[in-house]
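[1] have a look at this prediction, sequence included:
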Amino acid sequence: MKNKIIGIVVCMLMIVTVLPAAGAVNVQNVLPVASGLIGIKIVATVTMVTDSNNLLGGAIHVNDTITGKYIYNSGAPDIEPDPNIGAYLSTTSPCGIELKAGDFVFKTDPSDIDLGIAIWNDYVIDEYPPTDEFVLCSLNIYHSQMEC
C-alpha cells in the first residue's frame with residue numbers, strides 16, 4: 001500500500017510540478033531509444049510538497065531538483081474516442097518513468113508497465129474556458145531509497 005501511495009504522490013508531482021516546470025520539449029531533452037520509442041529527459045524544481053502521512057520522511061523539499069526521464073511508445077493507439085482528448089497507453093519495456101527526488105528513486109515497475117499519456121486540446125469542463133493539458137502517469141511505481 002505504501003508503494004501505491006508513493007506512486008500516486010509521484011504521479012501528482014509529475015502533473016503539478018514537473019511538467020509545467022519543464023516547459024516545451026526541446027531537441028536536447030529527447031533521448032535516443034529504440035525505433036518507435038521516444039525518451040524525454042526531465043529536470044524540474046519542486047515548488048510544493050504535501051506529505052501529511054510522512055511517507056517521504058521529509059526527504060523531499062521545496063527547491064529540490066527532480067531529474068529523470070520517461071519513455072513512451074509513439075505508435076500506441078489513441079484509446080479515447082473524444083476528438084479533443086488523446087489517450088495513449090504504453091505497456092511494454094522499456095517504457096515508463098524514472099525520477100530521482102531527494103534520496104528517492106521512483107520508477108515504473110518493469111514487471112507491470114502501465115504508462116499513460118493524455119493530451120487535452122481545447123477541452124471544455126463545465127463552465128470553464130477551453131483548456132490544453134498534458135498528463136503523464138505511471139500507475140505501477142515502486143521506489144527505493146538510494147544508498148549513498
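    Received, thanks. Residues are numbered from 1 along each chain as shown.
[2] can you map out the strands along the protein?
    Using DSSP state E, the strands of the chain run over 30-31, 37-45, 65-73, 85-90, 96-101, 104-108, 115-123, 131-138, 141-145.
[3] which strands border the first one, and is each parallel or antiparallel?
    For strand 30-31, the paired strands and their directions (DSSP bridges) read strand 37-45 (antiparallel).
[4] now for G68, how many residues are close by?
    If you count neighbours by other C-beta atoms under 10 Å, G68 ends up with 20. C-beta here means a position set from N, CA and C on the backbone, and glycine is covered the same way.
[5] and the nearest residue to it once chain neighbours are set aside, what pLDDT?
    Spatial nearest neighbour of G68, excluding adjacent residues (C-beta to C-beta, 6 or more residues apart in numbering): L99 at 3.6 Å. At L99, the pLDDT value in this model is 90.
[6] right, and L99 touches T65 too?
    No: here L99 lies out of contact with T65, judged by C-beta atoms under 8 Å, at a distance of 10.7 Å.
[7] who has more neighbours out of these two?
    L99 (23 against 11).
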